[in-house]
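Engineer: from the sequence below, what's the structure:
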Amino acid sequence: QLQLEESGGGLMQSGGSLRLSCETSGFTYDYVAIGWFRQPPGKEREGLACLDNSSGATYYVDSVKGRFTISRDNAKKTVYLQMDNLKPEDTAQYYCGVFLPGSFQPGCDYYGMDYWGEGTPVTVSS
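Structural biologist: Reported below is the predicted structural model:
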């Protein structure tokens, strides 16, 4: 059974840092790319950061570029999102998702994701 489990969310003051983790399991074949997206309360989803599993190339949306970093630990089958200099507008439910072969285009369009987890909440206070 394909599964992604996010963790690491919580409450943080503005300017602080959090590291989110996404543990993958049950994949019988390699996914093409993996990434993070978020959904703020009452707003649309937004793709944040994606990592091409083959090339290692990373892609970021402008709103988090320079503040968020996506990385992976293949041995642990885990992908991370390091979030620094957090702002109140970063408050959202954060999800990780994967792109299977044929679904990924360079960038971070979460519409192409085939599977995602249940998310972890992040709240940033001012």
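Engineer: the most centrally placed residue in the chain: which element?
Structural biologist: Nearest residue to the geometric centre of the chain (Cα atoms, centre = their mean): W36, 1.8 Å. Taking DSSP states H and E as the criterion, W36 maps to strand 33-39.
Engineer: from D109, how far off is Q82?
Structural biologist: 22 Å (Cβ to Cβ, to the nearest Å). For every residue, glycine as well, the C-beta is placed using N, CA and C.
Engineer: where does pLDDT dip in the chain?
Structural biologist: Applying pLDDT under 70 to the chain picks out residues 28-29.
Engineer: where along it do the strands fall?
Structural biologist: For the chain, the strands defined by DSSP state E cover 3-7, 10-13, 18-25, 33-39, 46-52, 58-60, 68-73, 78-83, 92-99, 115-116, 120-125.
Engineer: deepest of these, which one?
Structural biologist: Of the strands of the chain, the one with the most neighbours on average (mean count of other Cβ atoms under 10 Å) is strand 33-39, at a mean of 25.
Engineer: tell me the strands beside it, with direction?
Structural biologist: Strand 33-39 sits in its sheet next to strand 46-52 (antiparallel), strand 92-99 (antiparallel), going by DSSP bridges.
Engineer: run the angle between the first one and strand 68-73 for me.
Structural biologist: Orientation check (axes from the mean of the first three to the mean of the last three Cα atoms, to 10 degrees): strand 46-52 against strand 68-73 gives 40 degrees.
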